[in-house]
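In: Dropping the sequence and predicted coords here.
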Amino acid sequence: MKSRANFLGHPLHPILIPFPLAFLTGALAFDAAGWCWTRPDWWSVGYYLAIAGVVMGLVAAVPGLIDYFAVVPPNSSAKQRATKHMLVNLAALALFAFSWLLRGDPSAAPDGLTLGVQVLGLVLLTSGGWMGGTLVYRNVIGVDHRYAHAGKWREERVEDTPGAPVTVGKADELKVNQMKLLHVGSRRIVLGRTEQGYVAFDDRCTHKGGPLSDGVMICGTVQCPWHGSQFDTATGAVKAGPAGDSIATYRVEQHGDELRLRL
């Protein structure tokens with residue numbers, strides 16, 4: 001089994017985000033003030049701030065792209081929101097880059113078109129920031145909010161052998177009410193331990209695609225962290241909405257100190 005990176009998000013992403021926001025907002029502020037009061041030194045500052053903001057925006061996009069492919073659950077409302085977040089932010093960076101090209105020279109005064117492009121870019125940047133905040137607080141992407149005694153986050157990739165049981169862990173690696181996320185081929189499956197033994201079920205909530213492995217499991221019930229849907233981990237049945245469809249469950253067998261999963 002191969003250990004995987006932490007599901008909770010790239011640590012550099014929240015650190016880098018303030019830089020493009022500050023630089024690009026400052027670019028518009030200095031350009032607008034320099035244009036109003038005819039201050040060439042101010043619009044020169046705006047020129048260089050626009051360059052710095054675009055560069056730092058692209059740098060901040062790298063850990064964001066890692067989170068997009070490695071952290072945000074596929075086939076979920078968060079994936080749709082993250083896609084819009086990415087496209088809006090890239091469009092904002094493109095507009096500020098275009099405004100820089102319109103200027104051509106730091107000594108050139110920004111005209112109305114340049115300022116208008118920057119205003120539109122800042123509107124998109126603000127919209128992208130709002131969507132990013134929604135991803136953090138509503139979809140809990142990048143936030144370590146695990147419940148008491150949930151244990152350290154565990155995520156592993158295992159080989160999928162058709163027609164044969166798959167070894168997914170040791171019998172003593174999880175305590176009661178702890179879970180870990182398994183990547184079995186293209187599937188995301190949660191392995192959990194209840195008072196009655198080990199259980200396995202799909203990671204995807206049937207409501208909006210929330211990651212059940214990032215939720216809470218108590219007394220054989222798992223709760224989605226997004227909207228609170230609850231499922232029986234043994235049968236997959238819905239115990240509380242808003243989800244209406246059950247989740248798939250899988251058989252877990254213990255052979256010595258090994259846990260094996262039958263798909």
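Out: Received it, and whenever you're ready, just let me know what you need.
In: Can you tell me which helix or strand of this structure has the lowest average pLDDT?
Out: Here the helix or strand of the chain ranked lowest by mean pLDDT, DSSP states H and E is strand 2-3, holding a mean of 35.
In: Can you name the element that comes right after that strand?
Out: Moving toward the C-terminus from strand 2-3, the next helix or strand (DSSP states H and E) is helix 12-16.
In: For that following helix, buried residues please.
Out: Residues of helix 12-16 classed as buried: 13, 16 (neighbour count, 16 or more other Cβ atoms under 10 Å). For the C-beta atoms, the positions are set from N, CA and C on the backbone; glycine is no exception.
In: Then stretch 184-195?
Out: Neighbour counts using 16+ other Cβ under 10 Å place 184, 188, 189, 190, 191, 192, 193, 194 of stretch 184-195 among the buried residues.
In: I'd guessed the fifth one sits against residue 178; true?
Out: Okay, so that is residue 191. No. Applying Cβ atoms under 8 Å, one finds residue 191 not in contact with residue 178, separated by 9.4 Å.
In: Going along the chain, name the strands of the protein.
Out: 2-3, 155-158, 166-170, 179-184, 187-194, 197-202, 216-218, 221-223, 230-232, 238-240, 249-255, 258-262 (DSSP state E).
In: How far does stretch 159-176 stretch from one end to the other?
Out: In terms of Cα to Cα, to the nearest Å, the two terminal residues of stretch 159-176 are separated by 25 Å.
In: Please apply the same query to stretch 134-143.
Out: End-to-end for stretch 134-143, by Cα to Cα: 12 Å.
In: That stretch: which residues count as buried?
Out: For stretch 134-143, the neighbour count (16+ other Cβ under 10 Å) marks 135, 139, 140, 141, 142 as buried.
In: for stretch 49-62, same thing?
Out: For stretch 49-62, using 16+ other Cβ under 10 Å, the buried residues are 49, 50, 52, 53, 54, 56, 57, 60, 61.
In: Now for residue 52: which residues touch it?
Out: Residue 52 sits next to 19, 23 when contact means Cβ atoms under 8 Å, 6 or more residues apart in numbering.
In: For it, give its distance to residue 177.
Out: Residue 52 sits 48 Å away from residue 177, going by Cβ to Cβ, to the nearest Å.
In: what's the answer for residue 189, then?
Out: For residue 189 relative to residue 177 (Cβ to Cβ), the value is 18 Å.
In: burial count for residue 216?
Out: 19 (other Cβ atoms under 10 Å).
In: so it makes contact with residue 145?
Out: No. Counting by Cβ under 8 Å, residue 216 sits too far from residue 145 to count as a contact (9.7 Å).
In: Common neighbours of these two, please.
Out: Residues touching both residue 216 and residue 145 by Cβ under 8 Å, 6+ apart: residue 225.
In: Low-confidence ranges, the chain, go.
Out: 1-12 (pLDDT under 70).
In: redo that, cut-off 50
Out: 1-7 (pLDDT under 50).
In: any chance you could map the helices in it?
Out: 12-16, 18-37, 40-70, 77-103, 112-137 (DSSP state H).
In: looking at the chain, which residue lies furthest from center?
Out: residue 38 (43.7 Å; Cα atoms, centre = their mean).
In: Let me see the contact set for that residue.
Out: Contacts of residue 38 by Cβ under 8 Å, 6+ apart are residue 109.
In: swap in residue 191?
Out: The neighbours of residue 191, taking Cβ under 8 Å, 6+ apart as the test, are 168, 169, 174, 179, 180, 182, 198, 199, 200, 252, 259, 261.
In: so the third one touches residue 180, yeah?
Out: The reference is to residue 174. Yes. With contact defined as Cβ under 8 Å, residue 174 and residue 180 form a contacting pair (6.6 Å).
In: list residues touching both of those two?
Out: In contact with both residue 174 and residue 180: 154, 191, 192, using Cβ under 8 Å, 6+ apart.
In: Specify the beta-bridge partners of the nearest residue to the first one once chain neighbours are set aside.
Out: Same thing as residue 154. With sequence-adjacent residues excluded and distances taken as Cβ to Cβ, 6 or more residues apart in numbering, residue 154 is closest to residue 180, at 3.4 Å. Per DSSP bridges, the residues bridged to residue 180 are residue 191.
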